[in-house]
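S.K.: Give me a model of this one.
(chains A and B)
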Amino acid sequence: MEEIRVLSPTAILGYGFPMESFQEGMKRKPHVIAVDAGSSDPGPYYLGAGISFTDRNSVKRDLEIMIPAAIEAGIPVIIGTSGGSGGTPHVAINREIIREIAEAKGLSFKYAEISSEFDKELVRKYFKDGKITPLAPAEELQEKDIDESVRIVAQMGEEPFMEALKGGAQVILAGRAYDPTVFSALAISKGYPKGLAIHMGKILECAAICALPGSGSDCMFGYLRKDHFELETLSPDRICTTLSIAAHTLYEKSNPYLLPGPGGRLNLHNTTFEQIAENRVRVAGTVFEPTDGYFVKLEGVRKVGYRTISCAAATDPIFISKIDEIVAAVKARVNNNFKDYGFSDYFLDFKVYGKGGAMGLFPKVEFETGSELLIIIEAVGATQQEADTICSFARSTMLHFGYEGRVSTAGNLALPFSPSDAHMGEVFEFNIYHLMEVEDPVSLFPITYKEFKNGKVN
Amino acid sequence: MKTYKLIDMASVIRSKNSGPYELTFDVIFKTFEEYNFFKEHEPITPEVFAELYHIPVEDVIHVIYFDPAKAVKATIKRPIPSGTLGETDVYGAQQHAPLVRFTFDA
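M.R.: A predicted model of the protein is given here:
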């Protein structure tokens, strides 16, 4: 083959794409349609709760177009990080959607599923063998992190996909996968240079976000050749430039020159970007440098409790001028009220928007205070009831708090909702973000095959 | 000596998570001339960045210039991992405001 052509319909499965762009992509006779279906960006909740951050109907809409088109063209569809987080329940969400589509359309194809959720005992064994190292700035792993984790997934490389392709799979649904792999696996299996294949995948995984104007819900097309690759926009409304493509290499990464992944890293020190046409950029020079040993990234979360929140606003200038001391006094009042009641291990926070609320990660950065404040009261407790109690008590205490100089004695807060407090449910935190050295990049990611015949599984 | 505003020289100033444990900041300049001027005077060093965000300089992982994109990137240790109790910005996408206000003399 002179080149491998890859169609990336959308930045994340469920983010959608225009049919016109998709058809333009199919006209170019791709060898594979690939899509990344997840991310750790939406935070730890989705991995912990076993829920997708993408909407089921939106995901189904995208797959309903991609799968029949690929089957008709006789090419594979590869889906990575299924269900948003790639754990067992997440893969099940997408499997069920595929089953529904196959049945409704009477499709026939070979299906492969690659799982990437690790059993705790397996992780514990590698931990005891000293095979797990922190991915800085995460801390050294402790055995209690493994005990406390509710779910651990590992990012697979392209090797399990190559195995599934070798097994004749036409629809591949995978758990947690390094984002570029779904785009690069076919090319690497055909002997194309790994550095170029993965770099092309790194850009295609966000689809038209690398275009001008950028969009997470439009298609991009990639042409991989032996010594370079080209990227092309498929909508007449977008172009891509050397700068838009190069700038995308920066995106969400710590270092644009060295991009680590399973088994090694991309080195971009000699990468060149060349404008071929208004909607086409050529990239060359990226190389893959394998590491000594093969490392996969583990992601795990632990459950910390349940959350209840209440949103309220303040307009009184005297209240606003004293907000820091009011927050401190309300916290002290809540603590005093429940300290002998057995509610000591709760978390209570006031996010004050209009006074550096969104930038609370950097509390010393100064902001001008607004003339209205939005205050989100957040309580996290061991049970939903405890969280309710703390949130409700903090809200009522703040509503009627008698601060010095107060003139508005009817109430301090404007509450937009009744009921005023909302259940947010379970709360999780990342507690594992580590590298695990494995002997074999394939065997820890088991592949199961099914044959669909006219919509039915045999 | 003249005071320059970063926002006048840049077309993109953004922040974003780079995994749950890091925040990364990208500044993409409007022209190579502005990029080269900035790179030459280097008004943002790890020390300056630490001061801007009131964080320890050890938490600044690096400040890197990326010529192909006429961009400078700073990556720091997240004060807390994404989504940990106390979080205010799960995606880290609104932590760039101090850079929008950044000025320097050259």
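S.K.: Please make it C-alpha for all contacts and neighbour counts, starting now.
M.R.: Fine.
S.K.: So which residue is dead centre in chain B?
M.R.: Nearest to the mean C-alpha position of chain B, counting by Cα atoms, centre = their mean, stands residue B:25 at 4.1 Å.
S.K.: how much space is there between it and chain A?
M.R.: Note on residue B:25: its distance to chain A, by Cα to the nearest Cα, to the nearest Å, is 9 Å.
S.K.: wait, isn't that residue in contact with residue B:75?
M.R.: Yes. Taking contacts as Cα atoms under 8 Å, residue B:25 lies within contact range of residue B:75: 6.2 Å.
S.K.: So which residues on the stretch 51-200 of chain A come close to chain B?
M.R.: Within reach of chain B by Cα under 8 Å from any Cα of the partner chain, the stretch 51-200 of chain A has these residues: A:137, A:138.
S.K.: in which helix or strand would I find the residue nearest to the centre of chain B?
M.R.: Residue B:25 belongs to strand B:22-29 when elements are defined using DSSP states H and E.
S.K.: go on, residue A:162?
M.R.: Using DSSP H and E, residue A:162 sits within helix A:159-166.
S.K.: Can you name the next helix or strand after that helix?
M.R.: Later in the chain than helix A:159-166, the nearest helix or strand by DSSP H and E is strand A:171-174.
S.K.: by contact count, what packs against that next one?
M.R.: Contacts defined by 3 or more Cα pairs under 8 Å, 6 or more residues apart in numbering or on different chains; DSSP states H and E place strand A:171-174 against strand A:77-84, helix A:88-105, strand A:109-114.
S.K.: from those, which stretch is densest packed?
M.R.: Highest mean neighbour count of the helices and strands packed on strand A:171-174: strand A:77-84, a mean of 31 (counted as mean count of other Cα atoms under 10 Å in any protein chain shown).
S.K.: now the helices for chain B?
M.R.: Taking DSSP state H, the helices of chain B run over residues B:6-9, B:32-41, B:46-53, B:97-100.
S.K.: Report pLDDT for the residue of chain B most remote from its centre.
M.R.: No residue in chain B sits farther from the centre than residue B:85, which is 24.6 Å out by Cα atoms, centre = their mean. In this model, residue B:85 is scored at 97, pLDDT.
S.K.: how much space between it and residue A:429?
M.R.: According to Cα to Cα, to the nearest Å, residue B:85 and residue A:429 sit 8 Å apart.
S.K.: For residue 4, name its beta-bridge partners.
M.R.: You didn't say which chain, so I picked chain A. With DSSP bridges as the criterion, residue A:4 is bridged to residue A:224.
S.K.: My question was about chain B, not that one.
M.R.: Beta-bridge pairing of residue B:4 under DSSP bridges involves residue B:104.
S.K.: Enumerate every residue touching it.
M.R.: When contacts are counted by Cα atoms under 8 Å, 6 or more residues apart in numbering or on different chains, residue B:4 touches B:103, B:104, B:105, B:106.
S.K.: What does the pLDDT read for it?
M.R.: For residue B:4, pLDDT reads 97.
S.K.: Tell me, how many residues neighbour residue B:94?
M.R.: Residues within reach of residue B:94, counting by other Cα atoms under 10 Å in any protein chain shown, total 14.
S.K.: Quick check: chain neighbours aside, which residue is closest to it?
M.R.: Residue nearest to residue B:94 in three dimensions, not counting chain neighbours: residue B:15, with 6.3 Å by Cα to Cα, 6 or more residues apart in numbering or on different chains.
S.K.: Any buried residues in stretch B:35-53, and which?
M.R.: Neighbour counts over stretch B:35-53 (16 or more other Cα atoms under 10 Å in any protein chain shown) mark B:35, B:36, B:38, B:39, B:43, B:44, B:46, B:49, B:50, B:52, B:53 as buried.
S.K.: Widest-spaced pair of those residues?
M.R.: For those, the farthest-apart pair by Cα to Cα is B:36 and B:53; their separation is 24.5 Å.
S.K.: in chain A, what secondary structure element scores lowest on mean pLDDT?
M.R.: Ranking every helix and strand in chain A by mean pLDDT, DSSP states H and E puts helix A:242-250 at the bottom, with a mean of 89.
S.K.: so after that one, what's the next helix or strand?
M.R.: Sequence-wise, the next helix or strand downstream of helix A:242-250 (DSSP H and E) is strand A:258-261.
S.K.: Put the alpha carbons of that next one into PDB.
M.R.: Extracted in PDB, the C-alpha atoms of strand A:258-261 (Å, rounded to 0.1, in the frame of the first residue of the first chain):
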ATOM      1  CA  LEU A 258       8.400  14.900  23.800                       C
ATOM      2  CA  LEU A 259       5.100  13.100  24.000                       C
ATOM      3  CA  PRO A 260       5.100  10.000  26.100                       C
ATOM      4  CA  GLY A 261       2.800   7.000  25.600                       C
END
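S.K.: That strand packs against which elements?
M.R.: Contacts defined by 3+ Cα pairs under 8 Å, 6+ apart place strand A:258-261 against strand A:264-267.
S.K.: Any regions of chain A where pLDDT drops low?
M.R.: A:1, A:458 (pLDDT under 70).
S.K.: Would you map the helices across it?
M.R.: Ranges of helices within chain A are A:19-27, A:45-49, A:56-73, A:88-105, A:120-128, A:143-148, A:159-166, A:181-189, A:194-204, A:242-250, A:317-321, A:323-338, A:384-399, based on DSSP H.
S.K.: Just send the buried residues of stretch B:35-53 back as CSV, with distance to residue A:136 and pLDDT too.
M.R.: Converted to CSV, the buried residues of stretch B:35-53 look like this (distance: Cα to Cα, whole Å; pLDDT from 0 to 100):
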residue, distance to residue A:136, pLDDT
B:35, 30, 97
B:36, 31, 97
B:38, 29, 97
B:39, 27, 97
B:43, 27, 97
B:44, 23, 96
B:46, 18, 97
B:49, 20, 98
B:50, 19, 98
B:52, 23, 97
B:53, 20, 98
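S.K.: Intersect these with the contacts of chain A.
M.R.: Near chain A, judged by Cα under 8 Å from any Cα, the entries from the buried residues of stretch B:35-53 are B:52, B:53.
S.K.: Go through the buried residues of stretch B:35-53 and name the one nearest chain A.
M.R.: Checking the buried residues of stretch B:35-53 against chain A with Cα to the nearest Cα, the nearest one is residue B:53 at 6.0 Å.
S.K.: circling back: the residue farthest from the centre of chain B and residue A:430, how far apart?
M.R.: 11 Å.
S.K.: And for residue A:146?
M.R.: Residue A:146 sits at a distance of 11 Å from residue A:430 (criterion: Cα to Cα).
S.K.: between these two, which one's more packed in?
M.R.: Set residue A:146 next to residue A:430 and count neighbours by other Cα under 10 Å: residue A:430 wins out with 26 against 22.
S.K.: Tell me what the more buried one is bridged to.
M.R.: Judged by DSSP bridges, the bridge partners of residue A:430 are residue A:301.
S.K.: so it makes contact with residue B:90?
M.R.: No. With contact defined as Cα under 8 Å, residue A:430 does not reach residue B:90; the gap is 11.9 Å.
S.K.: Overlap in contacts, these two.
M.R.: Shared contacts of residue A:430 and residue B:90 (Cα under 8 Å, 6+ apart): B:82, B:83.
S.K.: picking up where we left off before, angle of the least confident helix or strand of chain A against strand B:22-29?
M.R.: 170 degrees (axes from the mean of the first three to the mean of the last three Cα atoms, to 10 degrees).
S.K.: what sits up against helix A:242-250?
M.R.: For helix A:242-250, contacts defined as Cα under 8 Å, 6+ apart pick out A:202-203, A:209-212, A:256, A:273-275, A:281-282, B:26, B:28, B:68-71, B:73.
S.K.: Flag every residue of chain B that's near chain A.
M.R.: With the criterion set to Cα under 8 Å from any Cα, chain B comes near chain A through B:16-22, B:24, B:26, B:28, B:52-55, B:64, B:66, B:68-71, B:73-75, B:77, B:79-91, B:94-95, B:98.
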